[in-house]
Structures are given as C-alpha cells and as structure tokens.
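Asks: Any chance you can model this:
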Amino acid sequence: MSNILVKLFVKDYNNIENAKVRERYGTLSSMVGIVCNIVLFVAKFIMGTIANSISIISDGFNNLSDCASCVVTLFGYKMAAKPADKDHPFGHGRFEYLTSLIIAMVIMLVGFELFSDSIDKIIHPEEVTFSYMVLITLVLSIAVKIWMSFFNRKLGKKINSSIMLATAKDSANDVIATTATIVALVASIWTDAPIDGIMGIVVSLFILISGFGIIKETVDELLGQPADEELVAKIREMVGENPYALGMHDLIIHSYGPGNLIGSVHIEVDGKGNIMEIHDVIDELERDIYEELNIRMTIHMDPVEMDNEQLNVCKKMIYDIVKEVDTTLSIHDFRMVAGPSHTNLIFDLVMPHDCKLTDKEIKSKINDKLQGRETRYYTVITFERDFC
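Replies: Predicted structure coming up:
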C-alpha cells in the first residue's frame, strides 16, 4: 500500500536529495495523516459520547491534534523546499526541525490536557457503557494507526526526515493510547472502579514521554550533533584511499537540514610534492565526497615533512608521551624549531569532550616526561576538541 501511494503521488520518487521531491513526500504524508485522523476523530467522538467515556473522547481529540500537526507538517515541508536566497544562503532545510519541534509541543499539550481530564474522571467517576460497536471501532482505529506508523517510518527512513519519524512515533503512541481505552471499556463490564480515568492517565504519560523525546531529538539537531559515525567512517575510508593523503584531522560536518550537509577537513600531504598535482587530486576527492555522500566538502591541505629524520623521531616521542598521559588524546600538525639551546615542539592536541584532564594538567604531564633528556624541549601546544 505504501509503495503504491508513493508511486502514484510522488513524481521522481527515487531522487530523494531533491528538495521538491522531499516536499512531495511531505505532502503525501500530511494528506494521508489529515484524512485518517479526521475520520478517527469523528468516529471516536461519536463512540466516546455513546459510551460516556472520557478516555475514548480524549483519544479522539488526540487524533484531532494529530490532524493539526499534519497541517503544520505540510507547511514545514513547503518552507523547507524553498531554494537558498540572500538571507538564507544555506537553504531552508532546518524548517523540518522547527516543524518537528512544533509537533512535539502539540503532543505535550494534548498529554497535559488528557492528564488533567483523567484526574477529574477519577475524582468524579461516571459510568462507562460497554458496546460492541464502540469496541470494534477502537480495534479498527488501532489497525489504522499501526499502518500510519509503518507508513511514516518507512517514508521517514527513506528520505531521512525527522518530521516523519516523529509522526511515526506519535502514531505508535496512539496505538498504546487506544489500547488503554479498550482496556477501560472492557473493564467497565465487571467493575465500577474508575478504570477509565486511570487508563487516561496511563495514556497521557505515554504521550508526554513521547513528546519530550521528540523535543530532545529535535533540539539536539538544532544545537548541532556530532556527525553520524558511519558517515565519518566513510569519509576516513575515502581519504585513506587517496594516494596523496597522509592523514586527516579537524573534520567538521554542519547540517542545514536533511540532505544538506556542509563540511571541512584538513588533510596532510607531502610538503615536497608537486603542489599543482596534489591540488588537482584533492579537488577530485572533494567532488567524489559530494557525489557519493552529498556533502559539500572543503579540504585544506597541510604540508608535512616526510624526510626529516630528527622531526620524525621527535614526533614519535611526543605521540608516545601523549598516549601515556591519556590514550584518547591525539596530535597533528607537528612541527619542530631547533635552536642552539633548546628545541621547540609545536603541535595541536585533540581532546575528546569527556576527557577529565585540563589543558594545563595535560601540558604539565607532557613537559614532566620530557625532563632529563639530552636535548632541552619546550612544547607549544594548541588544544582542540573533537567535533566528530
């Protein structure tokens, strides 16, 4: 069913990096959501009124809020598809993240409202009327929501859309919510206890937890997360296969929305090589990364000395010392300035964010290990954090 809908309504559906194609996917997802949720709201409101059940009526209004979210989603995809302009040179792709945030806030508001209504239903319980017609309606609504969750998750993974994945989670939570209302409805046959209100609280807690999770994921995207580990590994593999690349560091990936990645990296090359030839090969590497990974990559070349025996010995010495201090530390851009009284060792040192040592402590430990050697060494260290 999902594949049929995609083929019918999404022109050029395999070209998922194209903003217009992403907009068509978003329009399809939103329209399916609007139609399904309106039907479910009307059905549950009628059945909830017949059964005098707050959990069923609340579940119906939850579907109505989902319908509103779909309208917001439709707007979000249209805004994200807008081309880059003077004020937004990197495009409008982050509108998808903002839309996810709005959806999550709507989910949270529904959760709080349902929680309040359920508390009131426990304090002032009312008789719930069991009906097989109501039960069948709720079971069918679960089937619809399971399909909607599967549908949005499939589309979300295909085009890497945080909005669709958030919508899929919301549909999965609706399944839990409706299941709880069924439990309350069936329980009304045997007991007068306020099961309806209790299940309403259970439903509201699921909704609140889901909304909080979506907010956290979306805020992380907006604040800037580390690049995907598989993506970083692929970049390292492509750089490693380049015959002129001797090493890489300072890899940074910025996301301006799904499918819109911009990056930079420093690559070490032989300082005595043919600069025009190396530059040509590095340009090719930038193009390969864009074509294969869809990242607009800027590569900076760092020339290094390859045949300076004294430098290589000192570099190995510093590398070993740094690993003794902390195995998670790494160095790059190593240079050496030798003088008659002492030798300066100049390098950048990369610290992971969870390193418990301070810059001062690390420098002190390195200098302590250099004491007592035949040559007097001074260190000039630039401390950096790992971005990936």
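
Asks: How far off centre is the one helix or strand Thr218 maps to?
Replies: Assigned by DSSP states H and E, Thr218 falls within helix 195-223. Mean-position distance between helix 195-223 and its chain equals 18 Å (C-alpha atoms, centre = their mean, to the nearest Å).

Asks: which is the next helix or strand following it?
Replies: helix 229-240.

Asks: Show me what counts as buried in that following helix.
Replies: 231-232, 235, 238-239 (16 or more other C-beta atoms under 10 Å). C-beta: built from backbone N, CA, C; applies to glycine.

Asks: got a list of contacts for the helix or strand just after that helix?
Replies: Counting by DSSP H and E, the element after helix 229-240 in chain order, helix or strand, is strand 247-255. Contact partners of strand 247-255, identified using C-beta atoms under 8 Å, 6 or more residues apart in numbering, comprise 221, 224-225, 227, 231-232, 235-236, 239, 261-268, 295, 300, 330, 332-333, 348, 350, 384, 387-388.

Asks: List only those of those flagged as buried.
Replies: Among the contacts of strand 247-255, those classed as buried by 16+ other C-beta under 10 Å are 221, 227, 231-232, 235, 239, 261, 263-268, 295, 330, 332-333, 348, 350, 387-388.

Asks: Give me the subset of those lying in strands.
Replies: 261, 263-268, 295, 330, 332-333, 348, 350 (DSSP state E).

Asks: what about the helix holding Thr218, average pLDDT?
Replies: Helix 195-223 comes out with an average pLDDT of 79.

Asks: Ok, stretch 127-138 next?
Replies: On average, stretch 127-138 scores 81.

Asks: Give the buried residues for that stretch.
Replies: 128, 134-135, 137-138.

Asks: Farthest pair within these?
Replies: Greatest spatial distance among these (C-beta to C-beta): Val128 and Thr137, at 14.6 Å.

Asks: and which of the buried residues of helix 229-240 is nearest Gly156?
Replies: Checking those one by one against Gly156 (C-beta to C-beta), the nearest turns out to be Leu231, at 18.0 Å.

Asks: pretty sure the closest one is touching Leu293, no?
Replies: Yes: in this structure Leu231 lies within contact range of Leu293 using C-beta atoms under 8 Å: 6.6 Å.

Asks: What about the nearest residue to Ile159 once chain neighbours are set aside, how many residues nearby?
Replies: Nearest non-adjacent residue to Ile159, counting by C-beta to C-beta, 6 or more residues apart in numbering: Ile16, 4.6 Å away. Per other C-beta atoms under 10 Å, the neighbour tally for Ile16 reads 18.

Asks: Can you point out the buried residues in the one helix or strand in the chain whose mean pLDDT sits lowest?
Replies: Least confident helix or strand of the chain, by mean pLDDT, DSSP states H and E, is helix 54-80 with a mean of 75. For helix 54-80, burial by neighbour count (16+ other C-beta under 10 Å) applies to 54-67, 69-70, 72-74, 76-77, 79-80.

Asks: How about stretch 246-259?
Replies: So, applying 16+ other C-beta under 10 Å, buried residues of stretch 246-259: 246, 248-251, 253, 255-259.

Asks: now, which of those sits nearest Gly211?
Replies: Pro258 (21.1 Å).

Asks: Which per-residue confidence value corresponds to the closest one?
Replies: 66.

Asks: now swap in Asp326 and tell me
Replies: 92.

Asks: gap between the least confident helix or strand of the chain and the chain center?
Replies: 22 Å.

Asks: Tell me the first helix or strand C-terminal of that helix.
Replies: helix 95-123.

Asks: Pull out the buried positions in that next one.
Replies: So helix 95-123, judged by 16+ other C-beta under 10 Å, has buried residues 95-104, 106-108, 110-111, 113-115, 117-118, 121-122.

Asks: Also stretch 361-369?
Replies: 362-363, 366, 369.

Asks: Domain-wise, how is the protein divided?
Replies: Domain assignment for the chain by automatic domain parsing gives 2-223, 229-304, 309-385.

Asks: Would you pull up how far the last one lies from the middle of the chain?
Replies: Here the centre of domain 309-385 is set off from its chain's centre by 36 Å, with C-alpha atoms, centre = their mean.

Asks: Compute the first-to-last residue distance for that domain.
Replies: Taking C-alpha to C-alpha, to the nearest Å, domain 309-385 runs 29 Å from one end to the other.

Asks: Can you tell me the centre-most residue of this protein?
Replies: Central residue of the chain (C-alpha atoms, centre = their mean): Glu221, 5.4 Å from the mean position.

Asks: and the nearest residue to that residue once chain neighbours are set aside, what is it in contact with?
Replies: Excluding the flanking residues, the one nearest Glu221 by C-beta to C-beta, 6+ apart is Tyr97, at 4.9 Å. By C-beta under 8 Å, 6+ apart, Tyr97 lies in contact with 162, 218, 221-222, 257.

Asks: Among those residues, list the two that are farthest apart in space.
Replies: Thr218 and Gly257 (12.2 Å).

Asks: ok, which stretches of the stretch 251-388 of the chain are helices?
Replies: With DSSP state H, counting those that start in this stretch as the definition, the stretch 251-388 of the chain shows helices at residue ranges 275-293, 309-325, 359-370.

Asks: With respect to Asp288, which of the ones in strands among the buried ones among the contacts of strand 247-255 is nearest?
Replies: Ile295 (10.4 Å).

Asks: quick one: low-confidence parts of the protein?
Replies: 19, 77, 81, 126, 258-259, 388 (pLDDT under 70).
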